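Trainee: Provided below are the primary sequence and the corresponding predicted coordinates.
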Amino acid sequence: MEKQDIFRILTENTQYMNNSNFWLKYEPEGKFNLLELANTQRAITNFVKILTEKEIKVDFHASNDSDSMTNGKRITLSSTISMNTIDSVVGLALHEASHCRYTNFDVLKYLKNTLYTKKIESGHDTIATLLNFVEDRRIDSLMYKNAPGYQGYYRSMYERYFYSKTVDKALKGSEYREENWESYLFRIINIFNKNTDLNALKCLPTIFKAIDLKNIDRLKNTKDSLELAITLYELLSAHFMSMTSEERKSQVQQNKQNSNDKAPSREETKKAFAKQEQFIKGNVHKATSSKKELNQIEAINKSNIKEDRVSAIDKNGVKRSARKVHVIDGITESLINSNLYGVFNTSDFVYRDNIDEGLSLGKKLLRKLQITNEQVTLASKRLKSGKIDARRVYAANFENDIFYKIDRANYKPISIHLSIDGSGSMQGEKWKQVLINTIALGYVSLHMKNIDLTISIRTTGIDPSLSSQSAHIPLLILAFDSKKHTLKDLKKLGYYKVYGLTPEGMCLNALNKYIPSSSYYLDSYLINMSDGFPTFESSGFTYKGKSAILDTTKAVNNIKKKGVKILSYFIETDITSIKLNELVKSFRTMYGKSATFIDPKNIYQITKTLNNLFLKRDLVS
């Protein structure tokens with residue numbers, strides 16, 4: 001492919017595959033919601049990092065940003081993205097990233113000073129436009145050569161922000177054939193369009209030859225691009241100065257001889273040309289984001305929030321596939337401050353005493369459980385081979401056996417996933433007692449080598465992807481993981497605000513992938529604490545009753561198939577005996593006959609059960 005064909009491809013309307021399908025997990029419908037915007041931001045940030053080999057900040061265009069062009073240190077994105085525009089948004093970000101890598105912004109910054117020294121400061125605006133045009137051509141060539149995988153995004157970008165059928169037709173028309181700066185800039189910017197007429201202006205063939213696109217790689221840096229822009233400016237300046245007014249009129253008549261009369265009007269063409277000029281200058285319109293939206297997107301990114309799709313049975317017994325569950329990996333400061341889902345307090349004041357009580361209980365438990373943190377050793381002495389027993393060397397008479405061997409056995413590691421019902425019905429004393437015991441177990445796991453503990457909360461929250469404050473989404477909050485979190489992270493459980501409904505089976509289906517299977521080398525447990533029936537409602541979908549109970553039963557059985565042992569505790573509440581019998585039956589249907597019912601005031605039964613579990617001496621043979 002000849003080099004000039006690169007730019008003909010870029011500026012032509014061609015059909016091509018949506019490149020973003022390769023990394024999008026699914027195709028969002030309509031405008032991207034906040035979660036989808038955050039995922040897009042992460043993906044583009046990775047692309048930019050690969051391209052630039054630098055940590056370039058990529059964020060959404062804010063309402064107080066002065067312009068949308070890159071400064072070499074930051075790239076902004078439009079907040080209005082759909083499947084129809086995603087490739088062009090990626091392409092524009094990559095185009096800006098290519099400038100971050102290859103363009104010397106000091107040349108642009110000190111352009112006025114440079115032109116002043118050359119005594120051509122009066123041509124600043126024209127030279128700046130020509131410089132941007134030439135620099136884009138240089139950068140595009142480098143991109144096509146060094147990052148061919150991004151070509152599809154570039155084509156989409158040019159089609160959206162630069163390509164225009166109006167311009168295509170105007171290039172054949174009679175407009176912009178006057179011998180002046182405006183006509184030349186219009187023709188130069190589109191000089192590689194397949195509809196370009198080099199006879200439209202007298203000096204256009206000379207300009208085309210001077211640009212010499214086939215050998216654009218001869219320009220090694222932005223200073224070279226500037227030198228070429230100045231050359232083009234001087235060629236045109238000399239051309240204008242050499243013509244009398246009569247010669248100019250005569251030339252214009254000649255320029256229009258072979259033009260097409262069916263071209264767009266001057267107004268239409270000027271509008272399309274203005275859009276191209278803005279693109280050349282790097283100033284592309286981008287929809288803005290509010291401060292609240294930016295904070296929410298930041299919270300999604302820092303909390304690594306994902307959208308999982310699970311199947312669920314509605315109240316009529318109909319299986320509904322691809323139901324959304326949002327999975328939050330970790331409670332971060334930005335998540336708390338933005339209160340993204342409406343399930344966090346900005347202060348842990350309400351539960352601070354419970355956190356302290358849980359830590360105190362955890363320390364007591366730890367002292368009892370130290371035995372599982374030690375190795376079992378058995379020393380065999382007076383052997384004929386092994387290591388020398390130094391304490392027997394002094395008495396050796398060359399007849400005694402002075403070798404020994406130590407056998408060691410570690411306790412089998414335990415992986416515990418503690419999943420808590422965080423719905424509104426758990427408010428009050430129940431949640432306080434659950435929190436105390438949860439903090440205690442978390443503290444123990446941080447100080448035990450062979451116990452890994454993950455704590456999750458199942459609830460619903462206000463869906464940030466929808467505008468209605470009544471629209472809820474099932475939430476699975478992976479609040480704590482002893483393998484990667486610290487005591488500071490454990491204490492963040494105090495910020496959780498008991499809230500929402502109980503999408504039991506839906507969240508357990510999403511949770512399944514985070515629970516390891518039991519094996520010869522690992523005992524895996526799921527400990528559940530909840531207090532009611534599975535319930536969830538959203539637009540056109542109701543999850544409750546017998547169907548939801550059976551759906552939850554299926555989710556629990558799928559976890560059991562992995563060899564995971566399930567300990568389920570029903571936190572009782574003051575209800576009638578008839579309702580209690582119904583709850584007992586339903587709870588055992590969901591979690592099995594071993595399900596345990598406990599009073600919130602006696603919730604220490606859970607800790608006692610786990611204490612006995614930890615003290616088991618199941619060794620790896």
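Mentor: Yep, it's here.
Trainee: so Ser423 sits against Thr460, correct?
Mentor: Yes: at 7.4 Å, Ser423 and Thr460 qualify as touching, with contact defined as Cβ atoms under 8 Å. Using the backbone N, CA and C atoms, a C-beta is placed for each residue, glycine as well.
Trainee: what touches both of the two?
Mentor: Counting by Cβ atoms under 8 Å, 6 or more residues apart in numbering, the residues touching both Ser423 and Thr460 are 499-501.
Trainee: can you list these in CSV and add pLDDT and secondary structure?
Mentor: Shown next, in CSV, are these (pLDDT from 0 to 100; DSSP: H, G, I helix; E, B strand; the rest coil):
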residue, pLDDT, secondary structure
Tyr499, 89, coil
Gly500, 91, coil
Leu501, 92, coil
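Trainee: who wins for most neighbours among the residues you listed?
Mentor: Highest neighbour count within the shared contacts of Ser423 and Thr460: Gly500, with 27 neighbours (other Cβ atoms under 10 Å).
Trainee: coming back round to it: which one of Ser423 and Thr460 is surrounded by more residues?
Mentor: Taking neighbours as other Cβ under 10 Å, Ser423 and Thr460 compare with Thr460 leading, 28 against 25.
Trainee: quick check: phi and psi at the closest residue in space to the more buried one that isn't next to it in sequence.
Mentor: Spatial nearest neighbour of Thr460, chain neighbours left out: Gly500 (3.7 Å); criterion: Cβ to Cβ, 6 or more residues apart in numbering. For Gly500, the backbone dihedrals (degrees, to the nearest 10) come out as phi 90, psi -170.
Trainee: quick check, Gly500 in contact with His326.
Mentor: No: counting by Cβ under 8 Å, Gly500 stays clear of His326, with 11.9 Å between them.
Trainee: circling back to that earlier point, looking at the shared contacts of Ser423 and Thr460, which is nearest Lys194?
Mentor: Gly500 (58.5 Å; Cβ to Cβ).
Trainee: thinking again about what came up before, identify the contacts common to Gly500 and His326.
Mentor: In contact with both Gly500 and His326: 461, 475, using Cβ under 8 Å, 6+ apart.
Trainee: now do the contacts for Ser289.
Mentor: Neighbouring residues of Ser289 by Cβ under 8 Å, 6+ apart: 60-63, 79, 297.
Trainee: try 6 Å this time
Mentor: For Ser289, the contact set (Cβ atoms under 6 Å, 6 or more residues apart in numbering) comprises 60, 62, 79.
Trainee: ok now whichever helix in the chain runs longest, how far from the chain's centre?
Mentor: Counting residues, the longest helix found in the chain (DSSP state H) is helix 124-146. Offset of helix 124-146 from its chain centre (Cα atoms, centre = their mean, to the nearest Å): 31 Å.
Trainee: for stretch 555-571, same thing?
Mentor: Using Cα atoms, centre = their mean, the offset of stretch 555-571 from its chain centre is 31 Å.
Trainee: check which residues of that stretch are buried.
Mentor: Buried residues in stretch 555-571, counted by 16 or more other Cβ atoms under 10 Å: 555-556, 559, 564, 566-571.
Trainee: with stretch 34-48 instead?
Mentor: In stretch 34-48, residues buried by neighbour count (16+ other Cβ under 10 Å) are 34-41, 43-45, 47-48.
Trainee: take those residues and keep only those in helices.
Mentor: Per DSSP H, these map to helices at 34-41, 43-45, 47-48.
Trainee: now distance to Val444 and pLDDT too, for these, in CSV please.
Mentor: Formatted as CSV, those follow (distance: Cβ to Cβ, whole Å; pLDDT from 0 to 100):
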residue, distance to Val444, pLDDT
Leu34, 37, 84
Leu35, 34, 84
Glu36, 39, 86
Leu37, 40, 89
Ala38, 35, 87
Asn39, 36, 87
Thr40, 41, 90
Gln41, 38, 91
Ala43, 39, 90
Ile44, 42, 92
Thr45, 38, 92
Phe47, 43, 92
Val48, 43, 92
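Trainee: what is the nearest of these to Ile455?
Mentor: Leu35 (22.9 Å).
Trainee: hmm, that closest one is touching Lys306, no?
Mentor: No: contact criterion Cβ atoms under 6 Å: Leu35 and Lys306 do not qualify, at 8.2 Å.
Trainee: thinking again about what came up before, just the ones in helices from the contacts of Ser289, please.
Mentor: Going by DSSP H, the helices hold none of those.
Trainee: ranking those residues by neighbours, who comes first?
Mentor: Busiest of the contacts of Ser289 [other Cβ under 10 Å] is Phe60, holding 24 neighbours.
Trainee: in the sheet, who's paired with that residue?
Mentor: Taking DSSP bridges as the rule, Phe60 bridges to Leu77.
Trainee: same question for the longest helix of the chain, mean pLDDT?
Mentor: Here helix 124-146 scores 92 as its mean pLDDT.
Trainee: going along the chain, name the strands of the stretch 401-550 of the chain.
Mentor: Counting by DSSP state E, counting those that start in this stretch, the segments of the stretch 401-550 of the chain that form strands are 403-409, 414-421, 451-462, 472-481, 523-530, 536-538, 541-543.
Trainee: give me the number of residues near the residue lying closest to Ser164 once chain neighbours are set aside?
Mentor: Setting aside the residues directly before and after it, Ser164 is nearest to Ala272 in space (Cβ to Cβ, 6+ apart), at 4.4 Å. Neighbourhood size, Ala272 [other Cβ under 10 Å]: 21.
Trainee: got a pLDDT number for Ser237?
Mentor: 94.
Trainee: tally of neighbours for the closest residue to it other than its chain neighbours?
Mentor: Distances taken as Cβ to Cβ, 6+ apart place Gly123 nearest to Ser237, at 7.2 Å, with adjacent residues excluded. Residues within reach of Gly123, counting by other Cβ under 10 Å, total 18.
Trainee: same deal with His472?
Mentor: So His472, with other Cβ under 10 Å, has 23 neighbours.
Trainee: for Thr103, same thing?
Mentor: 22.
Trainee: same question for Asn528.
Mentor: 24.
Trainee: give the bridge partners for it, please.
Mentor: Ser419, Ser568.
Trainee: how much space between it and Gly505?
Mentor: With distances taken as Cβ to Cβ, to the nearest Å, Asn528 is found 12 Å from Gly505.
Trainee: likewise Ala479?
Mentor: 20 Å.
Trainee: more neighbours, those two?
Mentor: The residue with more neighbours, out of Ala479 and Gly505, is Gly505; 29 against 25, by other Cβ under 10 Å.
Trainee: quick check: closest non-adjacent residue to the more buried one.
Mentor: Nearest one to Gly505, counting by Cβ to Cβ, 6+ apart, is Thr552 at 3.5 Å.
Trainee: so that neighbour sits right up against Tyr591, yeah?
Mentor: No: using Cβ under 6 Å, Thr552 is not in contact with Tyr591, being 8.4 Å away.
Trainee: with neighbour numbers in mind, choose between those two.
Mentor: Thr552 (29 against 23).
Trainee: quick check: that one vs Gly173, distance?
Mentor: In terms of Cβ to Cβ, Thr552 sits 69 Å off from Gly173.
Trainee: cool, Pro474 as well?
Mentor: Counting by Cβ to Cβ - Pro474 and Gly173 are separated by 58 Å.
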